[in-house]
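Asks: Using only what follows, build the 3D model:
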Amino acid sequence: HELVAFRLPDGEDRSLDELVQLSPAELEGTFGQPATVLLAAPGGEQIAAVGDGTLTQPGRYAVMCFIPTGVEPGVYLQAAAESDQGPPQVEGGPPHFVHGMVAELTVEV
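Replies: Residues are numbered from 1 along each chain as shown. Now for the predicted structure:
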């Protein structure tokens with residue numbers, strides 16, 4: 001799976017349930033660039049794709065898994081290793097976050 005954390009913009013008051021209903025373009029426009037991205041194959045070592053997993057800026061964060069449903073872990077990790085910008089483009093079903101792999105957390109000072 002992967003852990004992709006986005007700091008929600010100050011003033012964004014929609015719930016995470018509302019936000020995950022947005023289209024991919026709307027999500028990208030709302031979330032912007034991820035604060036951190038961590039990946040791991042089942043039983044495998046953690047791979048830090050963006051940052052090291054530390055969230056230092058106070059605020060609300062959405063934590064999500066964008067891996068498409070049904071994609072083999074090795075296929076996704078290979079595509080991620082070959083992608084030099086942005087998420088890997090692989091065929092599959094809806095992202096894992098539509099199945100509940102999404103959470104919100106708040107970082108406080």
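Asks: immediately after the longest helix along the chain, which helix or strand?
Replies: Ranked by residue count, the top helix of the chain under DSSP state H comes out as helix 73-82. Scanning forward in sequence from helix 73-82 by DSSP states H and E, the next helix or strand is strand 102-107.
Asks: buried sites along that next one?
Replies: Neighbour-count burial for strand 102-107 flags residue 102 (criterion: 16 or more other Cβ atoms under 10 Å). C-betas here are computed from N, CA, C, even on glycine.
Asks: can you pull the pLDDT of residue 81?
Replies: Residue 81 carries a pLDDT value of 82.
Asks: what's the weakest-modelled helix or strand in this structure?
Replies: Of all helical and strand segments in the chain, the minimum by mean pLDDT, DSSP states H and E falls on helix 73-82, at a mean of 85.
Asks: For it, buried residues please.
Replies: By 16+ other Cβ under 10 Å, the buried positions in helix 73-82 come out as 76, 77, 80.
Asks: what's next to it, contact-wise?
Replies: Helix 73-82 is touched from outside by 39, 41, 42, 44, 47, 49, 67, 68, 87, 88, 89, 90, with contacts defined as Cβ atoms under 8 Å, 6 or more residues apart in numbering.
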